[in-house]
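A.B. asks: for reference, the sequence and a predicted model appear below.
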Amino acid sequence: MARLTTLNALSAQEHLRDQVANALRAALIAGELRPGVVYSAPALAAEFGVSATPVREAMLDLAREGLVEAVRNKGFRVTELTEQDLDDFTDIRAMIEVPTIGRIAAMGLVEELEALRPLARAIVDAAAEQDIIGYLEADRRFHLELLGLAGNRRLVEEVGNLRKRSRLFGLNRLAETGKLVQSAEEHVQLLDLLAAGDVQGAESCMLAHMSHVRSLWAEERADGADDAAAPGGTAEQG
């Protein structure tokens, strides 16, 4: 019984660690944690209302993914992504995802594709409501579950890793301007093309969607740089 209790406790701890890691990834993508800034585990733990241990463990997970780096006796610094990094990640994803989408369009999986429609609508609804956490989770699930229809588990894992490493800052501002809704609606359009078996149209839509997202990255990063450089800007350095 004691051993079972211990295992249950470990399982609960691991679950909390995963929850904290997901929340931190969302904060990174939403721009709430900024590149170059050092964050301490105790300070973040206080914000989450948990102990420092699961936060440290979650940060170590993010460090292995290249999202943060440990700073001795201080905490963790959010790593900077260059424009070249973002271009490289986008290119690799396009090489994998676009032809995979074409294969899925040719498979005639109408029922399976329609099962993803609630997720596609959830992405749009979250963007309209400016629910960034909800948007990110629905978007992640939609893309990975869609790719999963091709039947290649390793491919899905690799795309999942690439998605973690490439992140978009300032989603809150994009949501406020309505640009996030425009991008979100492309998921519904993609499903329509896939269900219709339009291979070329689905591939073109997927490529256009990825290009659109990449242009939003560039635009938001440029706007953020302008704001930080302006009087009263909020640039931070670790």
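C.D. replies: Arrived safely.

A.B. asks: state the distance from Ala23 to Leu119.
C.D. replies: 20 Å (C-beta to C-beta, to the nearest Å). Yep, even glycine has a C-beta here, placed from its N, CA and C like the rest.

A.B. asks: err, Glu65, not the other one
C.D. replies: Glu65 sits 24 Å away from Leu119, going by C-beta to C-beta.

A.B. asks: so for those two, which sits in the more crowded spot?
C.D. replies: Comparing Glu65 with Leu119 by neighbour count (other C-beta atoms under 10 Å), the higher total belongs to Leu119, at 19 against 14.

A.B. asks: what average pLDDT does the one helix or strand Ile101 maps to get?
C.D. replies: Assigned by DSSP states H and E, Ile101 falls within helix 83-105. For helix 83-105, the mean per-residue pLDDT is 93.

A.B. asks: what does that helix contact?
C.D. replies: 113, 143, 146-147, 149-150, 152, 155, 158-159, 162-163, 165-166, 190, 193-194, 197-203, 206-207, 210-211, 213-214, 217-218, 221 (C-beta atoms under 8 Å, 6 or more residues apart in numbering).

A.B. asks: and the buried ones among the residues you listed, selectable in PyMOL?
C.D. replies: The buried subset of these, as determined by 16 or more other C-beta atoms under 10 Å, is captured in PyMOL by this line:
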select buried, resi 113+143+146+147+149+150+155+159+162+163+165+166+190+193+194+198+199+201+202+203+206+210+213+214+217+221
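
A.B. asks: could you look up the next helix or strand downstream of the lowest-mean-pLDDT helix or strand in the chain?
C.D. replies: Least confident helix or strand, the chain: helix 2-30 with a mean of 64, by mean pLDDT, DSSP states H and E. Downstream of helix 2-30, the next assigned helix or strand under DSSP H and E is strand 38-39.

A.B. asks: how far does that next one sit from its chain's centre?
C.D. replies: What separates the centre of strand 38-39 from the centre of its chain is 21 Å, taken as C-alpha atoms, centre = their mean, to the nearest Å.

A.B. asks: packing partners of the following helix or strand past it?
C.D. replies: Remark: after strand 38-39, the chain's next helix or strand is helix 41-48, criterion DSSP H and E. Counting contacts by 3 or more C-beta pairs under 8 Å, 6 or more residues apart in numbering; DSSP states H and E, helix 41-48 packs against helix 2-30, helix 52-64, strand 75-78.
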